[in-house]
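Asks: Take this sequence and fold it.
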Amino acid sequence: MPRAPRLFPALILVALALSATSTVTAAEVAPDASEGELVDRALRYVNGEVITLLDVLERVQGMRGRTAAANRDEDMALWRSALEDATTDMLLIQFADERKVEIDRQRVSLNVLEQAKLTGRGQSLSDQARARRRQERREKIGAALSFFDARSANVQPGELLAAYEQRKAEFRRPAQAQVLQIALRPTDEAERAAFVSAQEQVFRRAQDVGETAAATVAPFLAQLVAADPESPARGAILDQAIAAIAALPPDQTERRQREVVAEAKRLVERRAALRTHAETEAELVVLRAKLDGAGAEAFRATARQLSQGPRREDGGDLGMIEAGYLAKAIDDQAFALPTGGMSPVFWSDQSCCLVLVERSEPAAQRSFAEVSGELESLLRQERQNAVRIRAAGILRQRGVIRDLVLLDDLIR
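Replies: Residues are numbered from 1 along each chain as shown. Model prediction:
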């Protein structure tokens, strides 16, 4: 006989953050909660035990990590699926408890401690307690499923071979390439504007820090006044003026002039790193000509020195990749090149790129021996899912399940 439903008061949980990808906000979940709070609600009774909003939310966040909802309707479908999944788990755990399934709690504790040591996470007592509860729940669910079909985990060799022949296309290894990359980025407008502003400040200060500095910048002042403010020539004049200030000998008697000269020298160094779109591409074209035929190690050394792309410290080594792993522009180059081939200079997003294929492997069929273990795990999981669906149907028919609130109404 099912237990009578027990009352479950709503709890206010402060500062519970929803997933960054969530399309449902805390205010939408609980309109009566103040900002920064989430009201937990009892959603469903299952044989007298309660499933709450936060139970479902935890599952939704995990499911969103695997499947991004394209719209609100898909997101609501995730919520409904998570609620049904939580219900099935609770029914299976209750079934295991009815059968007095015993869990080896010492073994579970040792497994949790070992996992915490391996990962370096979950070392606190509260973390370990939560991990033990999760593992105990999983073991009870597994034990319950075995009551419905103890043979579900057994896969015969003949079945494996037949499944391999049917699914060969799933076990085809795609083409792979070991890719090295050098990427240079043009200076963005904000950085360039800040640099020009710094040049102008040093130019103005130079007019007031001593006769030598003032005399140095005087000819450039006349040119700047005559130049069109929007003309590229004005930038060239500023560059020349700052270089002239930086070349002044240090004046030991005038501290302000020494400071201006030092700042001008820093700006000259910064100017060397600034690039327009055309300058970036031209620089990489020259670089490619130097690296052509020099080999992978020379490419790696240059990437460590100059690249502004990923994995610079590793010589721009992006690893062994498959098509679709990187941006399409990079894929188009990498999978069109032979081993040792270097691409032409090309653009990907906002970066000018050069790639070298250190090693390439064509697409190939994986053998039965290679995939038998993977295939066996896949078949076991499929069988267990089928058993879970059948068990859930049986347990739902004999159970008492009552919704306290419509999930769609609560979330919307």
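
Asks: the strands in the chain, which residues?
Replies: 11-14, 37-40, 42-46, 49-52, 172-173, 176-184, 317-322, 346-348, 351-361, 364-365, 401-403 (DSSP state E).

Asks: what is the mean pLDDT for the last one?
Replies: Right, strand 401-403. For strand 401-403, the mean pLDDT works out to 93.

Asks: Adjacent strands (with direction) for it?
Replies: strand 42-46 (antiparallel) (DSSP bridges).

Asks: Please apply the same query to the fifth one.
Replies: Strand 172-173 has its sheet partners listed here by DSSP bridges as strand 364-365 (antiparallel).

Asks: So what's the gap between the strand it pairs with and the chain middle?
Replies: Offset of strand 364-365 from its chain centre (C-alpha atoms, centre = their mean, to the nearest Å): 30 Å.

Asks: Of the strands of the chain, give the one that comes closest to Val285.
Replies: Minimum separation from Val285 across the strands of the chain (C-beta to C-beta) falls at strand 351-361, 9.1 Å. To be clear about C-beta, it is placed using only N, CA and C from the backbone, and glycine gets the same treatment.

Asks: List the buried residues for the closest one?
Replies: Ser351, Cys352, Cys353, Leu354, Val355, Leu356, Val357, Glu358, Ser360 (16 or more other C-beta atoms under 10 Å).

Asks: Adding pLDDT, write these out as a markdown table.
Replies: What follows is the buried residues of strand 351-361, written out as a markdown table (pLDDT from 0 to 100):
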| residue | pLDDT |
| --- | --- |
| Ser351 | 93 |
| Cys352 | 95 |
| Cys353 | 95 |
| Leu354 | 96 |
| Val355 | 96 |
| Leu356 | 96 |
| Val357 | 96 |
| Glu358 | 94 |
| Ser360 | 91 |
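
Asks: In JSON lines, list those residues along with distance to Leu238.
Replies: JSON lines is the format used below for these (distance: C-beta to C-beta, whole Å):
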{"residue": "Ser351", "distance to Leu238": "27"}
{"residue": "Cys352", "distance to Leu238": "25"}
{"residue": "Cys353", "distance to Leu238": "31"}
{"residue": "Leu354", "distance to Leu238": "31"}
{"residue": "Val355", "distance to Leu238": "36"}
{"residue": "Leu356", "distance to Leu238": "38"}
{"residue": "Val357", "distance to Leu238": "43"}
{"residue": "Glu358", "distance to Leu238": "43"}
{"residue": "Ser360", "distance to Leu238": "48"}
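
Asks: Show me which of the residues you listed is closest to Pro229.
Replies: For those, the minimum distance to Pro229 (C-beta to C-beta) is 29.2 Å, reached by Cys352.

Asks: just checking, that closest one touches Ile182?
Replies: No - counting by C-beta atoms under 8 Å, Ile182 is not a contact partner of Cys352; they are 9.1 Å apart.

Asks: joint contacts of the two?
Replies: Counting by C-beta atoms under 8 Å, 6 or more residues apart in numbering, the residues touching both Cys352 and Ile182 are Leu284.

Asks: Which parts of the stretch 1-150 of the chain are helices?
Replies: 26-29, 53-66, 72-98, 105-119, 125-148 (DSSP state H, counting those that start in this stretch).

Asks: thinking again about what came up before, now, which of the buried residues of strand 351-361 sits nearest Asn111?
Replies: Nearest to Asn111 out of the buried residues of strand 351-361 is Glu358 (C-beta to C-beta; 40.4 Å).

Asks: in terms of contact, does the closest one touch Gln176 like I think?
Replies: No - applying C-beta under 8 Å as the test, Glu358 and Gln176 come out as separate, 11.5 Å apart.

Asks: which stretches of the stretch 101-250 of the chain have low pLDDT?
Replies: 121-122, 150-153 (pLDDT under 70).

Asks: one more time with 90
Replies: Within the stretch 101-250 of the chain, the stretches with pLDDT under 90 are 101-134, 142-143, 145-160, 167-174, 187-193, 206-215, 217-236, 248-250.

Asks: gap between Leu291 and Ala301?
Replies: Leu291 sits at a distance of 10 Å from Ala301 (criterion: C-beta to C-beta, to the nearest Å).

Asks: Let me fix that, I meant to ask about Phe203.
Replies: 39 Å.

Asks: quick one: which of the two has more around it?
Replies: Phe203 (21 against 13; other C-beta atoms under 10 Å).

Asks: what's near enough to touch that one?
Replies: Residues in contact with Phe203, defined by C-beta under 8 Å, 6+ apart, are Val217, Phe220, Leu224, Leu238, Ala241, Ile242, Ile245.

Asks: returning to that earlier point: from the strands of the chain, which stretch is densest packed?
Replies: strand 176-184 (a mean of 24; mean count of other C-beta atoms under 10 Å).

Asks: List the strands paired with that one, with their directions.
Replies: Next to strand 176-184 in the sheet, as set by DSSP bridges, lie strand 317-322 (antiparallel), strand 351-361 (antiparallel).

Asks: now Glu136, nearest residue through space, not along the chain?
Replies: Ile103 (5.1 Å; C-beta to C-beta, 6 or more residues apart in numbering).

Asks: Give me the phi and psi angles of Leu337.
Replies: When quoted as degrees, to the nearest 10, the phi and psi of Leu337 stand at phi -100, psi 150.
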